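Visitor: dropping the sequence and predicted coords here.
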Amino acid sequence: MAAYAALVSVMHIIDQIEHHPRPPISLHKLQVESLTEKIAFLQEFLEGYKSHVVYSSEADALEMRIADAAYAAEDAIESHIMDQIHGGERICSVDFYQGLQRVMEDMDSLNKEVIEIKERMVVQHQLHRSSSISGGTLRSSSTGKNTTMVGFNDVLLEIMDKLTRGELDRHIIPIVGMGGIGKTTLARNLYAKPLIIEHFDICAWATISQEYDTREILSDILSQFKKEGRGGSTENELGEMLYKHLWGRRYLIVMDDMWSIEASDKVKFFFPDNKNGSRIMITTRLSNLAFQLTVSYNFQMQFLDEDESWNLFCKIVFGKDDCPIELEKIGKKIVKNCKGLPLSIVVIGGLLTKYEGTREFWEYTLENITSSAINLEDDVRCLQILYTSFKELPMHLKPCFLYMGIFQEDKKIRVSQLIKLWVAEGFLKPINGKSLEVVAEEYLMELIDRNLILVDKLGSNGNTKLCKIHDLLRDLCLREAQKQKFLCVMKLRNLSSTPSLNTERRIIIHGRTPEECDSPQVLNALQFASLARSLIVQYMSIDFDRALQSADLRFLRVFKVENSGLLFSFTEYDLYNLRYMSTKCLDFPYSRLQANFYWNLQTLQSDISFGVMDSEISMMPLLRHARLNDHSLPDPLNGQIVLENLQTLSSVSISKCREKVVERFPNLKTLRINCGESDSLSLHCFRNLGLLHRLEHLKCDFVPLSFRNTHSFKKTFQRLLLQYIAFPHSLKKLTLSGSQFYWEDITTKIGPLPHLQVLKLEMNAAAGADWVTDEGKFRSLKFLLIRSSDDFVNWMTDNTHFPRLEHLRLRYMDKLKEIPWGIGEIPTLESIKLFHCSSSAVMSAKRILEEQEELGNEGLRLVIK
């Protein structure tokens with residue numbers, strides 16, 4: 001797997017150099033052709049190769065030799081690039097070409113060995129490949145399986161009764177069981193039940209994990225109530241805020257994946273006992289923890305019996321269809337070997353559902369899980385069963401799956417960031433006609449379909465916004481990734497067990513505090529990380545910063561700092577190879593710029609940035625995503641290139657969006673712009689948005705006009721804005737904040753957009769008391785959010801005016817009289833959510849729900865907070 005990722009990476013580097021508008025080096029044509037031919041041969045071999053190495057601590061020797069050869073090619077090419085950019089003569093071109101020639105000779109010997117291996121392949125292996133890969137047809141499966149629950153209906157009702165009835169004292173209800181048995185799935189099903197939502201005034205969910213941070217737990221719970229502490233708030237200050245918010249209210253707090261009594265002790269004092277039936281539900285693997293909580297009730301999760309296991313398996317593999325009779329006997333044997341553990345059943349089912357049913361492949365799967373699940377502890381048995389699914393992954397998915405090990409336990413992973421990281425790492429094999437981001441999205445969905453990655457939250461457009469990975473699957477990722485030297489997660493609690501970093505390509509440093517991340521052992525180890533391509537750090541202190549400056553990190557491609565108030569300056573580092581940069585504070589000093597300094601940069605992200613101008617942007621021909629607090633984009637100079645790859649730009653003042661600037665971003669997909677009083681003379685720039693013919697997501701933030709401005713000035717501002725603004729017809733998602741368009745302008749300017757699926761109107765984006773819609777507008781709209789429209793009173797519409805609407809969200813609408821009756825009659829409508837809306841609007845929503853239920857529409861969900 002690491003070998004395949006390395007081979008793809010070398011091909012990616014060569015392609016970048018050959019197609020770069022200003023390549024830092026030149027490659028010998030015949031030598032490159034020979035190298036790519038050898039790499040392509042090895043890639044093709046690995047794509048069909050089935051290692052005979054079983055679940056063990058040893059990596060496949062052949063794969064590791066191929067990886068070493070690919071790494072040597074990477075090192076040779078990138079060393080030459082770095083030396084050329086530095087302007088030094090440490091390695092001349094002749095030395096480079098000779099060094100690359102030696103790498104190819106090593107690959108020649110590997111290729112000869114591979115040919116012999118292919119000729120010696122046993123008939124059983126050929127049969128397996130023909131039945132499961134060549135002959136078996138891949139099929140897509142539903143992604144909604146992650147919350148499938150079988151066999152726990154009685155339990156569900158029992159716990160619901162404990163949650164909603166009984167004593168008024170605050171009670172703790174633990175759900176106990178081993179990893180993968182379904183504790184979190186059960187808790188999530190309970191948490192989402194309409195009866196639970198209606199019974200409790202407040203519901204919140206917190207994931208604890210082994211490495212917990214009390215301050216983060218409190219902050220996370222508060223954020224679910226739209227309450228935010230100050231950046232420097234202490235645990236006690238956050239706890240006091242939480243206590244006050246919960247006081248007098250009936251609440252349900254879920255604390256998922258708890259590992260110690262200390263974690264409970266540190267937060268439970270902030271959960272008041274209001275004597276009104278409040279509940280705290282805890283999931284844990286530790287039975288003794290449940291007893292330490294001194295509760296009168298806890299539920300011990302049981303394994304599924306044979307019938308329940310078979311029912312779950314069939315739901316995963318066949319959906320609503322029955323299992324074919326010829327597969328039923330072998331299928332039941334597979335299920336029996338999962339020992340009633342839901343996670344094993346779900347993951348093995350995810351493997352089988354990817355191929356049309358062939359008896360040979362099912363027998364092969366049975367053989368693998370039978371041989372690995374005898375006389376083992378539960379967790380180890382489960383890991384070996386899960387390894388079967390990993391082993392059978394197509395080779396192109398294995399690097400993506402193992403990369404999930406970089407994230408901390410129970411981390412909610414933002415999909416947009418995951419995709420950027422995958423692209424920057426260079427292990428995605430290109431597909432003609434598709435961007436690497438699209439390829440990454442497809443790979444992610446394949447892993448979700450196989451139940452190896454879980455959907456945590458969907459976005460407004462229906463795509464996966466947040467994902468996560470089960471603890472046991474993460475353990476598998478780490479075990480396999482570190483065995484193959486694909487990545488190294490430093491064990492800060494036991495640094496003696498962390499391998500030397502001198503051969504590591506990807507280094508991850510997680511810590512609960514800055515002190516853990518900048519211990520002397522960590523800082524010293526970084527001095528030997530000269531081959532590192534990725535460095536992902538939880539915290540960055542002054543000492544850590546100094547250590548990085550003295551370390552040789554010139555090969556670094558990915559540099560990501562999760563938390564740091566330090567100003568990161570490019571002047572202090574020789575990061576010429578960087579593709580991905582993400583930190584809190586970033587400085588671009590003009591004095592240090594060179595033509596090749598940013599030759600490789602693809603993603604640039606910072607909450608606070610200084611000095612980033614078009615002169616820098618123009619030196620980033622491969623730039624794909626730029627998210628900074630403000631871009632300064634003067635008119636381009638003669639000869640400055642068009643940024644063909646740029647897809648994301650955030651955020652830019654509208655005054656900078658001049659025609660000559662916008663024309664340089666022809667493939668821009670996501671744009672965030674700001675507009676304030678100082679931009680009143682630049683409103684004509686809004687018409688240039690119409691030149692972005694591939695723009696899909698636009699967010700416009702309008703700063704409210706000062707009360708000092710006259711009524712005439714405000715009217716003129718609005719008139720000119722409406723006169724000039726041009727929305728591209730390619731838009732799929734539009735967010736407006738503070739624009740104060742009249743409702744009729746919302747209908748006439750935005751309604752006709754043919755592909756618009758998501759519309760968010762926030763903070764008085766629309767002004768006026770009445771919104772009257774008409775037919776023929778909003779034809780593709782699926783998601784509508786209206787938030788804080790202070791004057792909005794009457795909404796007059798019909799079901800044909802929003803023919804495809806699926807989700808309606810209304811927030812802080814205290815003057816809205818009612819939701820129109822026609823909204824409930826939209827056949828595609830799935831949910832209505834109201835947050836702090838008028839009582840009359842709430843009543844109208846309840847009437848809509850009642851009427852739809854009477855008509856047999858059981859699918860409509862109503863949430864009121």
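Guide: Received the coordinates, thanks.

Visitor: okay, CA-based contacts and neighbour counts for the rest of this
Guide: Noted.

Visitor: and the residue nearest in space to the middle of the chain, what's its pLDDT?
Guide: Nearest to the geometric centre of the chain sits residue 415, at 2.0 Å (C-alpha atoms, centre = their mean). Reading off the confidence values, residue 415 has pLDDT 97.

Visitor: and for residue 155?
Guide: For residue 155, pLDDT reads 81.

Visitor: check which helix or strand it maps to.
Guide: helix 153-164 (DSSP states H and E).

Visitor: for the residue nearest to the centre of the chain, what are its contacts?
Guide: Counting by C-alpha atoms under 8 Å, 6 or more residues apart in numbering, residue 415 touches 464-467.

Visitor: now with 10 Å, please.
Guide: 421, 440-441, 444, 455, 457, 463-468 (C-alpha atoms under 10 Å, 6 or more residues apart in numbering).

Visitor: following the helix holding residue 155, which helix or strand comes up?
Guide: Trace forward from helix 153-164 with DSSP H and E and the next one is strand 171-176.

Visitor: name every strand pairing with that next one and say which way it goes.
Guide: With DSSP bridges as the test, strand 171-176 is paired with strand 279-284 (parallel), strand 299-300 (parallel).

Visitor: how far off centre is it?
Guide: 30 Å (C-alpha atoms, centre = their mean, to the nearest Å).

Visitor: after it comes which helix or strand?
Guide: Where DSSP H and E defines the elements, the next helix or strand beyond strand 171-176 is helix 183-191.

Visitor: contacts for that next one, please.
Guide: For helix 183-191, the external contacting residues (C-alpha under 10 Å, 6+ apart) are 146-150, 152-153, 155-157, 159-160, 163, 174-177, 182, 196-197, 203-205, 207, 252-257, 281-285, 299-301, 470.

Visitor: just the buried residues from these, in PyMOL please.
Guide: In PyMOL, selecting the buried portion of the contacts of helix 183-191, with burial taken from 16 or more other C-alpha atoms under 10 Å, looks like this:
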select buried, resi 146+149+150+159+160+163+174+175+176+177+182+196+197+203+204+205+207+252+253+254+255+256+257+281+282+283+284+285+299+300+301+470
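
Visitor: quick one: the helices in the stretch 1-150 of the chain?
Guide: Along the stretch 1-150 of the chain, counting by DSSP state H, counting those that start in this stretch, helices occupy 2-19, 29-48, 61-86, 93-120, 123-129.

Visitor: do I have it right that residue 197 meets residue 864?
Guide: Yes - the criterion here is C-alpha atoms under 10 Å, and residue 197 meets it with residue 864 at 8.5 Å.

Visitor: give me the phi and psi for residue 580.
Guide: Dihedral pair for residue 580: phi -130, psi 120, per degrees, to the nearest 10.

Visitor: residues in contact with it?
Guide: Listed by C-alpha under 10 Å, 6+ apart, the contact set of residue 580 reads 420-421, 423-425, 534, 556-560, 600-605, 623-625.

Visitor: hmm, 7 Å instead?
Guide: 424, 557-559, 601-604 (C-alpha atoms under 7 Å, 6 or more residues apart in numbering).

Visitor: nearest residue to residue 544 other than its sequence neighbours?
Guide: In this structure, residue 544 finds its nearest non-sequential neighbour in residue 518, 5.5 Å apart by C-alpha to C-alpha, 6 or more residues apart in numbering.

Visitor: need the contact partners of stretch 551-560.
Guide: With C-alpha under 7 Å, 6+ apart as the criterion, stretch 551-560 contacts 424, 526-527, 530-537, 574-583.

Visitor: ok, and the helix or strand in this structure with the lowest average confidence?
Guide: helix 123-129 (a mean of 45; mean pLDDT, DSSP states H and E).

Visitor: just to revisit the earlier point, what about the contacts of residue 415, which one has the most neighbours?
Guide: Using other C-alpha atoms under 10 Å as the neighbour test, these are led by residue 440, with 25 neighbours.

Visitor: per-residue pLDDT, residue 265?
Guide: The predicted local confidence for residue 265 is 85.

Visitor: as CSV, could you dump the C-alpha coordinates of the helix or strand containing it?
Guide: Secondary structure from DSSP H and E places residue 265 in helix 261-268. C-alpha atoms of helix 261-268 as CSV (Å, rounded to 0.1, in the frame of the first residue of the first chain):
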residue,chain,number,x,y,z
ILE,A,261,-14.2,8.6,36.2
GLU,A,262,-12.0,11.7,36.2
ALA,A,263,-13.6,12.9,32.9
SER,A,264,-17.1,12.6,34.5
ASP,A,265,-16.0,14.3,37.8
LYS,A,266,-14.5,17.3,36.0
VAL,A,267,-17.7,18.2,34.2
LYS,A,268,-20.7,16.8,36.2
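
Visitor: thinking again about what came up before, which one of the strands paired with strand 171-176 lies closest to residue 716?
Guide: Of all these, it is strand 279-284 that lies closest to residue 716, at 55.1 Å by C-alpha to C-alpha.

Visitor: average pLDDT for the closest one?
Guide: pLDDT averaged over strand 279-284 gives 92.

Visitor: ok, residues contacting it?
Guide: If you take C-alpha under 7 Å, 6+ apart as the criterion, strand 279-284 is touched by 163, 170-177, 183-184, 251-259.
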